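> Okay, predicted coordinates and the sequence, questions at the end:
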Amino acid sequence: MAIDSNGLVWQNWRGAHRILSFDRRILSFDRRKCKVRNGPDATGQQCPEGWAVYRKPGPTFHGGADYSSTDMLYMTETDRDGLGKDVVLAGDVNAHSFFVVMPQGGQMTTLTLRVPYPLGLAARAGSGRIDDPNARWKGRGFWSSYSMYTPWHQEGGKGTKPKVVKFQVRPTPLAK
């Protein structure tokens, strides 16, 4: 769970609904949208209007329902430095990617950051950081650690140690 600078609570939803099926959603809760915040009617179930759901696109198990995803989002983080203020990201362990929810023009936009290398990346979490504030986008990035429970499936094979990798995202494809 993570809380952004506006007080929104973010959580990836990872529940096994059937054998080996996981949901691929990030949920946010905004208490400011609640009609009832206290008093005798505040029972904990009174604010459905405070919830928003962001679903990661992707494949599902053959014949499975909409929630039977092959993906598994791991930790939810709010990034304030690397990708931008209040950008939410979760590592997608089974898809070598990060699922990102970011504010853009007063709305929330989702995107998937696919990681082609290193092979076997099992993204656990990401943390934004500014290494050089004067270097614009080149001085920003987010860091992720990764390791496999079965290291023989990742690049390097058996005996490979966990690693930390830095990702940088250009603001536009041709940014210098």
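Nice, I can see it.

> The residue nearest in space to the middle of the chain sits in which helix or strand?
Nearest to the mean C-alpha position of the chain, by CA atoms, centre = their mean, lies residue 90 at 1.7 Å. Using DSSP states H and E, the element containing residue 90 is strand 87-92.

> Describe which strands that strand pairs with in its sheet and in which direction.
Strand 87-92 has the following sheet partners, assigned by DSSP bridges: strand 73-79 (antiparallel), strand 97-104 (antiparallel).

> how about these in CSV, adding distance to residue 48 and mean pLDDT?
In short, each C-beta sits where N, CA and C put it, glycine included. Putting the strands paired with strand 87-92 into CSV (distance: least, CB to CB, whole Å; pLDDT from 0 to 100) gives the following:
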stretch, distance to residue 48, mean pLDDT
strand 73-79, 21, 82
strand 97-104, 20, 85
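
> Let me see the contact set for the residue lying closest to the residue nearest to the centre of the chain once chain neighbours are set aside.
Distances taken as CB to CB, 6 or more residues apart in numbering place residue 73 nearest to residue 90, at 4.2 Å, with adjacent residues excluded. Each residue near residue 73 by CB atoms under 8 Å, 6 or more residues apart in numbering is listed here: 12-14, 22, 24-26, 56, 90-93, 99.

> Could you check the pLDDT of residue 139?
Looking at residue 139, its pLDDT reads 88.

> hang on, the earlier thing: just list whatever residues bridge to the residue nearest to the centre of the chain.
Counting by DSSP bridges, the residues bridging with residue 90 are residue 76, residue 99.

> Surely it touches residue 98?
Yes. Taking CB atoms under 8 Å as the definition, residue 90 is a contact partner of residue 98 at 6.9 Å.

> which residues are in contact with both of those two?
Counting by CB under 8 Å, 6+ apart, nothing touches both residue 90 and residue 98.

> Look up how far residue 31 lies from the residue of the chain positioned farthest from its centre.
When distances to the mean C-alpha position of the chain are computed (CA atoms, centre = their mean), the maximum falls on residue 40, with 35.8 Å. As for residue 40, its distance to residue 31 is 18 Å (criterion: CB to CB, to the nearest Å).

> which ones are touching residue 145?
Contacts here follow CB under 8 Å, 6+ apart; on that basis residue 145 touches 124, 125, 162, 163, 164, 165.

> tally of neighbours for the third one?
Spelled out, it's residue 162. 12 (other CB atoms under 10 Å).

> next one: the fourth one
Counted with other CB under 10 Å, residues neighbouring residue 163 total 14.

> surely it meets residue 146?
Yes. If you go by CB under 8 Å, residue 163 and residue 146 touch, sitting 6.2 Å apart.
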